[in-house]
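Asker: sequence and predicted structure, then a few things I'm wondering about:
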Number of protein chains: 2
Amino acid sequence: MPACSVRHYSEVVSPSGVSIPAPLQREIKSLLGEKNVLDKQDDLLLYEFDGSVEKGRPDLVVFPHTTEQVSKIVRLAAGYEVPVVGRGAGTGLSGGALARGGGVMIVFARMNKILEIDVENQRAVVQPGVVNLDITRAVEHAGLYFAPDPSSAKSCTIGGNVAENAGGPHTLAYGVTTNHIAALELVLPDGEIVRTGSKHGDAAGYDLCGLFVGSEGTLALVTEITVKLARKPEAVKTLLAIFETIEDASQAVVEITASGITPAACEMLDGWTLRVVEDYVHAGYPRDSGAVLLLEVEGLAEAVDGQANAIRDVCKRCRAREVRVAKDDWERDLLWKGRKNAFGALGRVAPSNYVLDGVIPRSKLPQALERIKEIGKKHGFNIGNIFHAGDGNLHPIVLYDPRDTKQFERAIDAAREIIRACVEMGGALTGEHGVGMEKNELMSLLFSDADFALMRRIHDAFNPDSSLNPGKIFPMSKGCGEIRIRKKELAGVRA
Amino acid sequence: MPACSVRHYSEVVSPSGVSIPAPLQREIKSLLGEKNVLDKQDDLLLYEFDGSVEKGRPDLVVFPHTTEQVSKIVRLAAGYEVPVVGRGAGTGLSGGALARGGGVMIVFARMNKILEIDVENQRAVVQPGVVNLDITRAVEHAGLYFAPDPSSAKSCTIGGNVAENAGGPHTLAYGVTTNHIAALELVLPDGEIVRTGSKHGDAAGYDLCGLFVGSEGTLALVTEITVKLARKPEAVKTLLAIFETIEDASQAVVEITASGITPAACEMLDGWTLRVVEDYVHAGYPRDSGAVLLLEVEGLAEAVDGQANAIRDVCKRCRAREVRVAKDDWERDLLWKGRKNAFGALGRVAPSNYVLDGVIPRSKLPQALERIKEIGKKHGFNIGNIFHAGDGNLHPIVLYDPRDTKQFERAIDAAREIIRACVEMGGALTGEHGVGMEKNELMSLLFSDADFALMRRIHDAFNPDSSLNPGKIFPMSKGCGEIRIRKKELAGVRA
């Protein structure tokens, strides 16, 4: 472990209060043009938040159009020892795209072109600012789609998906983002432009593509992505299984998997949450049940019927009161509308909500949900549960009022207690939201100093000065020498 | 790029002709006991070869029983600047487990225990010397199996599978080894014992597990593996589709995938090969056809029937003369027996065969097979084709007589020309056999100096002195400073 040598970024704060040296600002403006640079506090404020409960304001926000511009910005910033952080649509849930150490934020909104669609080989080459769902829209005429479907698919960008290795309801059958990426173009922290992966087949040598996907912008900035396109299934069936108790619903999840069926999606909503959702969305969810499972099976028409029947039988054995099969696209869309608008619905009963992300062994679902309820009670919160049950990927939702500082702190405490419980059950810290600055301190629950040293070998092989996205993934106390962070930010770090 | 500083390993050759310093040999014998160390040339000779056309003799072969012993051996060898290479069953096809630079070979044959089976969560913890098929044998009572099924599954070890990221006929549906590994215990080149991955859920932080799988023993030695177990499908159907021409068979492969069906396996044998196989195995293959596809679909009983019917329809549309569906397990086993004993069959018509491994975009199958035929003709060889057609993963088999040096050289030339053709078609150097020392020079076809520099960042973060498995993956000319290799070996390197 190197000796502690945190360089205080505040040392380069300019007299105007902006931490970007004037010459750097001038050079970047001359490179990109005034209209592609934001430096006013009112504008910067908009980039201080993402979808998480974290914050971190950049000192300069820039909108490059090309990989070469990204490379030049990174080189310029490195020359002034100013940190750089990449950002897509800012929908992330762990603070990955926040400027924890201030500095230059590169927003990929204007690198949003689909560069190539290869229908025959099921590949598309896209820029990082392309919105997730727009990839599917561009290829669906050919019967193809991009499988990873985070709930934010209508607004999140593929660059952010790659950085955080995003998941979604259909992760169960199709895997997370990393399973759908064939090749990447990257800008390293020294400005070098490199490529890894290959359009067809696995590349020989080290799996660098797999390493960069999910590295949360701490190793390189992604400037071009070759995605794998999946073929749209011939048939889809969507089922809503209604249970009296959450235990029965949990048991059904365990038994569906044990029976050898892999549904395309297997989502659970608990009784309290589904009542809140139903009041808002009117999806036809039963207001008097303990829990529902929203299940989907896909494939050939004959196969899908068989699978739907098998799932219905398992649910019935697990005391499902009713198993509805959506009769048509309209009913199917309605069932999903409930799931997809759940966060909006919860927004009606509390000023804000904190969506957690933890993983448990699937077999421990009933205990985990019981434990979450207890933790909520202890801290005085209603905690909703809308989650990817088939993966054991929990998303407890803590409803709180952010204007009440004490309540916010209690929400944070409850959240940490829940994540700790997941780890104690043999699970993981995050299923799909990433570590970011939300959970970097919690990493010590799961990883030893030796583990951090192992990860640091990789980190330092690419980003030895932590000039790229500092203060993420690793706990601050292990981060000696790796984070250039302003004093005021350091002071604000939660213990 | 560092200045060239190849250290000639021959400088430490002892007077006896053995390159292991006497004190190191004594210390290793005292650590493991005499019976776990081989140092006689007659014994070492057995470890000079693997399943490839390469060779490289170790100077000492050792059989540790524990991770701690592995760690100590690595530390001891590092102290004397002697290279170390790991080896499983020696069935590899690219020379990954050969001692190219001499030194100590760690054979994992006696670390062959299954340490834990967790049926509920579908995991097993195994030592690297466990034979691939033995994992399935140990868990099949619970309806589980280990999905990756290289043709050598009866003899190859899971440690070797992890090192080379092995595939097999069922890769098409289930992915290669990396998709079935949850966690690893590793010994780094400095002797440190580390763990990565987690039993349940994806671990937070960098995907180190994915990085180590397929790194061909150049980053660490794998000493314990947590594998994911798959659930045996309810039903399986095996089909043999018989075509008059290889073009029709290739077209069927393209159209099956395009129709949205993913068979569990989709293997092709060309007409010449299947006649040789039929003469030996009597699997009922048609001796007068141009090519056959061996297809398998798996899943729920209802689903499987639908898929088998759909595949039959596509094959018929592509002018299949006949599509047989195996009526029972006996017929199914017989069909697979032909595929699995193909290499034995080819051994009857030539003294030796060189199994290549290249990948092409699936859509280019017909052109690729035509090109292989031409290359064979040019160099005067019969080249058989038995391969994973669904993945576009070719295995051309060059039949030659190794006693005829000129013929051997011609076989090598033909092999290189074929691999070059794969790359020119937009494919890859290897689908599942690895780079090893078979293709390290060919890597320059696909990778630039910048690409090598990127990979070297990873290599040097773990194995900066190339003390572990030197002379693999990277071309020698890019390998300045990274390989401790004996003069005689260096002289023998093919240009």
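Answerer: Perfect, I can see it now.

Asker: A:I20 and chain B, how far apart?
Answerer: A:I20 is 29 Å from chain B, where distance means C-beta to the nearest C-beta, to the nearest Å. In this view, the C-beta of every residue, glycine as well, is placed from N, C-alpha and C.

Asker: touching, that residue and A:L60? I think so.
Answerer: Yes. A:I20 lies in contact with A:L60 (C-beta atoms under 8 Å); the separation is 4.9 Å.

Asker: anything in contact with each of the two?
Answerer: Taking C-beta atoms under 8 Å, 6 or more residues apart in numbering or on different chains as the contact rule, the neighbours common to A:I20 and A:L60 are A:39, A:103-104.

Asker: by neighbours, which of these wins?
Answerer: Each of these was scored for neighbours by other C-beta atoms under 10 Å in any protein chain shown, and A:G103 scores highest at 29 neighbours.

Asker: for that one, give me its contacts.
Answerer: By C-beta under 8 Å, 6+ apart, the residues touching A:G103 are A:9, A:19-20, A:58-60, A:77, A:82-85.

Asker: circling back: could the shared contacts of A:I20 and A:L60 go into TSV alongside pLDDT?
Answerer: Converted to TSV, these look like this (pLDDT from 0 to 100):
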residue	pLDDT
A:D39	95
A:G103	94
A:V104	96
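
Asker: got the residues you listed as a markdown table, with secondary structure columns?
Answerer: As requested, the shared contacts of A:I20 and A:L60 are exported to a markdown table (DSSP: H, G, I helix; E, B strand; the rest coil):
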| residue | secondary structure |
| --- | --- |
| A:D39 | coil |
| A:G103 | coil |
| A:V104 | strand |
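
Asker: return the member of these nearest to A:S289.
Answerer: Using C-beta to C-beta, A:G103 is the member of the shared contacts of A:I20 and A:L60 that lies nearest A:S289, at 49.7 Å.

Asker: could you list the low-pLDDT ranges of chain A?
Answerer: Under the criterion pLDDT under 70, the flagged ranges of chain A are A:1-18, A:201-203, A:478-495.

Asker: following the lengthiest helix in it, which helix or strand comes up?
Answerer: In chain A, taking DSSP state H as the definition, the longest helix is helix A:405-424. With elements assigned by DSSP states H and E, the helix or strand that comes after helix A:405-424 is helix A:449-462.

Asker: quick one: check that following helix for contact with chain B.
Answerer: Yes. Applying C-beta under 8 Å from any C-beta of the partner chain, one finds helix A:449-462 in contact with chain B at A:450-451, A:454-455, A:457-462.

Asker: ok, of those residues, which come out buried?
Answerer: A:451, A:454-455, A:457-462 (16 or more other C-beta atoms under 10 Å in any protein chain shown).

Asker: which one of those is nearest B:R231?
Answerer: A:D451 (30.7 Å).

Asker: the closest one contacts B:R195, correct?
Answerer: Yes. In terms of C-beta under 8 Å, A:D451 counts as a neighbour of B:R195; the distance is 7.1 Å.

Asker: need the buried ones among the residues of helix A:449-462 next to chain B in JSON lines with distance to A:K378, can you?
Answerer: Converted to JSON lines, those look like this (distance: C-beta to C-beta, whole Å):
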{"residue": "A:D451", "distance to A:K378": "30"}
{"residue": "A:L454", "distance to A:K378": "36"}
{"residue": "A:M455", "distance to A:K378": "33"}
{"residue": "A:R457", "distance to A:K378": "40"}
{"residue": "A:I458", "distance to A:K378": "39"}
{"residue": "A:H459", "distance to A:K378": "37"}
{"residue": "A:D460", "distance to A:K378": "41"}
{"residue": "A:A461", "distance to A:K378": "43"}
{"residue": "A:F462", "distance to A:K378": "42"}
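
Asker: between those, which is nearest B:N165?
Answerer: Using C-beta to C-beta, those come closest to B:N165 at A:I458, 18.5 Å.

Asker: for the closest one, which residues are in contact?
Answerer: A:211, A:219, B:206, B:208, B:211, B:458, B:461.

Asker: and A:P128, by the same measure?
Answerer: Contact analysis of A:P128 by C-beta under 8 Å, 6+ apart lists A:86, A:88, A:108, A:111, A:157-160, A:162, A:222-225.

Asker: likewise A:A220?
Answerer: Per C-beta under 8 Å, 6+ apart, neighbours of A:A220: A:186-189, A:194, A:212, A:462-463, A:468.

Asker: in strands only, show me the residues you listed.
Answerer: Assigned to strands by DSSP state E, the following of the contacts of A:A220 qualify: A:186-187, A:194.

Asker: for chain B, tell me which of those residues show up nearby.
Answerer: Near chain B, judged by C-beta under 8 Å from any C-beta, the entries from these are A:V194.

Asker: between the ones in strands among the contacts of A:A220, which sits nearest chain B?
Answerer: A:V194 (5.1 Å; C-beta to the nearest C-beta).

Asker: correct me, but that closest one touches A:E185?
Answerer: Yes. Using C-beta under 8 Å, A:V194 makes contact with A:E185 at a distance of 7.5 Å.

Asker: who has more neighbours, A:I20 and A:L60?
Answerer: In terms of neighbours (other C-beta under 10 Å), A:L60 is the more surrounded of A:I20 and A:L60; the figures are 26 against 23.

Asker: one step back: and the shared contacts of A:I20 and A:L60 as CSV, adding distance to A:C315?
Answerer: Formatted as CSV, the shared contacts of A:I20 and A:L60 follow (distance: C-beta to C-beta, whole Å):
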residue, distance to A:C315
A:D39, 57
A:G103, 52
A:V104, 52
